[in-house]
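Engineer: got a sequence here, can you model it:
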Amino acid sequence: MARIKDVLKKAETVRVSQRYAISCAQVAEIYQGSGGWYTAICNGFKIGYMQGMKAAKAEMRKGGIA
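Structural biologist: Purely as a prediction, here's the structure:
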C-alpha cells in the first residue's frame, strides 16, 4: 500500500464531480450514526466503496465497461 502522506497529497488534487460528492449533512449523519470518528471514517470508506461498486455495476449493465 502507498504511504498515507503520498495518498493524501494525491487526494487533495482530485476533483470530485458533484454527482459523487458527499455533503456536510451526509458527513454529519455518518458521524452521528457511527459512535465516534474512527468508526465514522471506516463507515464512510465502506459507503464510498459500496457506491463505487453500484456505479460500476450500472456502467457494466449499460455496456460501458468490458
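
Engineer: ranges for the helices of this protein?
Structural biologist: For the chain, applying DSSP state H gives helices covering 4-13, 24-32, 37-62.

Engineer: center of this protein - which residue?
Structural biologist: The residue lying closest to the centre of the chain (CA atoms, centre = their mean) is Gly48, at 3.0 Å.

Engineer: how close does that one sit to Gly63?
Structural biologist: Noted for Gly48: a distance of 25 Å to Gly63, by CB to CB, to the nearest Å. To be clear about C-beta, it is placed using only N, CA and C from the backbone, and glycine gets the same treatment.

Engineer: follow-up on the earlier one: will you turn the helices of the chain into a markdown table that also has mean pLDDT?
Structural biologist: Formatted as a markdown table, the helices of the chain follow (pLDDT from 0 to 100):
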| stretch | mean pLDDT |
| --- | --- |
| helix 4-13 | 91 |
| helix 24-32 | 96 |
| helix 37-62 | 93 |
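
Engineer: what number of residues lie near Phe45?
Structural biologist: Using other CB atoms under 10 Å as the criterion, Phe45 is surrounded by 10 other residues.

Engineer: one more: Val14?
Structural biologist: Val14 has 6 neighbours, counted by other CB under 10 Å.

Engineer: kindly report the same for Val16.
Structural biologist: With other CB under 10 Å as criterion, Val16 counts 9.

Engineer: report pLDDT for it.
Structural biologist: On the pLDDT scale, Val16 is placed at 85.

Engineer: what are the contacting residues of stretch 24-41?
Structural biologist: Applying CB atoms under 8 Å, 6 or more residues apart in numbering, the set of residues contacting stretch 24-41 from outside is Cys42, Asn43, Gly44, Ile47.

Engineer: count of neighbours near the last one?
Structural biologist: Residues within reach of Ile47, counting by other CB under 10 Å, total 13.

Engineer: contacts only, for it.
Structural biologist: Contacts of Ile47 by CB under 8 Å, 6+ apart are Ile30.
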